[in-house]
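Chemist: Model the structure of this input:
(one chain, ligands or ions: 1)
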Amino acid sequence: MKIAVIQMDIEFGQPEKNFTKVEAAVKEAAENKADMIVLPEMWNTGYALKQLETLADQNGERTKALLSTLANQYRVNIVGGSVATKKQGEFYNTMFVANRTGTIVSEYDKAHLFKLMDEHVYMNAGNNVNTFELDDITCGGVICYDLRFPEWIRAHVLKGAKIMFIPAQWPTPRIDHWQLLLQARAIENQCFIVAVNRVGSDPANTFNGHSMVIAPWGDVLISGHMEEGIYYTDIDLQEVDNVRSTIPIFQDRRTELYK
Ligand SMILES: O=C(O)CCC(=O)C(=O)O
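Modeler: Numbering: from 1, shown residues only. From the prediction side, this is the model:
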């Protein structure tokens, strides 16, 4: 199973440029025989929250059409990071996932909005756990700040997720939190973590990438640098079962103590 992580810069408030860029990057990753291609958070607009009224993707239609077309054309799974959407007059930070036939198999609205970047002022939070099937593997997807809530990731793993996808725009000053939390989430949930952070800057923040893929034992398979690029790794899903049978934390949990 070959994973491609698209660590890209995002043009602030310029969906046209970002759509063109994503299309080219997905094409390149697909031609390099990726099975799953993963994009960063809010790649259509960046955090141009004050311009959402004009820039947000209406019902995600444009994003869904692009992901679906590319997935079907290249017969590849695409975890579409997230985009700013407008649904029934409200704004959301939404992940769409397309499978190899181009079917949109998941739509998830970020559940924990990040007050430090005023996200809660402009956007609405979703309320639903996000699991989906890709190539018969149960996967889960959450977005950026969601990472800081171990219960939320655990909720996905308890629903069967063996790979957790985490797209982000995680600012440079807290990149050590990003790396440590990702590794902890992989080890404590004995699952693969595929996490994509953007690079570049917007008017308020800088972002230095460090996208990561981490195996269920905690081994770091990808640790991206600070530049734009596509990173690739192969993952073996058997490792999830191996780790879970070596240290059976899901059998040993004492949920009666955790209430
Ligand atoms: O939790 C953090 O430090 C970063 C979160 C974030 O940037 C986001 O959710 O967009």
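Chemist: Can you list the buried residues in stretch 30-45?
Modeler: Buried residues in stretch 30-45, counted by 16 or more other C-beta atoms under 10 Å: 30, 34-45. (C-beta placed from N, C-alpha, C; glycine too.)
Chemist: Quick one: end-to-end length of stretch 76-83, please.
Modeler: 20 Å (C-alpha to C-alpha, to the nearest Å).
Chemist: what's that stretch in contact with?
Modeler: 6, 26, 29-30, 34-45, 57, 60, 63, 67, 70-71, 93-100, 110, 134-135, 139, 141, 143, 165, 167, 194, 196 (C-beta atoms under 8 Å, 6 or more residues apart in numbering).
Chemist: Helices - which of those residues land there?
Modeler: If you go by DSSP state H, the contacts of stretch 76-83 have 26, 29-30, 63, 67, 70-71 in helices.
Chemist: and those as CSV, adding distance to the ligand and pLDDT?
Modeler: Output for these, formatted as CSV (distance: C-beta to the nearest ligand atom, whole Å; pLDDT from 0 to 100):
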residue, distance to the ligand, pLDDT
V26, 23, 98
A29, 24, 98
A30, 27, 98
T63, 18, 98
L67, 21, 98
L70, 25, 98
A71, 25, 98
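Chemist: out of those, who's nearest W178?
Modeler: Nearest to W178 among the ones in helices among the contacts of stretch 76-83 is A29, at 22.3 Å by C-beta to C-beta.
Chemist: Now the closest one. Nearest residue, chain neighbours left out?
Modeler: Counting by C-beta to C-beta, 6 or more residues apart in numbering, A4 is the residue found nearest to A29 once chain neighbours are left out, at 3.7 Å.
Chemist: Confirm that that neighbour sits in a helix.
Modeler: No: counting by DSSP: H, G, I helix; E, B strand; the rest coil, A4 falls outside a helix, being strand.
Chemist: Many thanks, have a good one.
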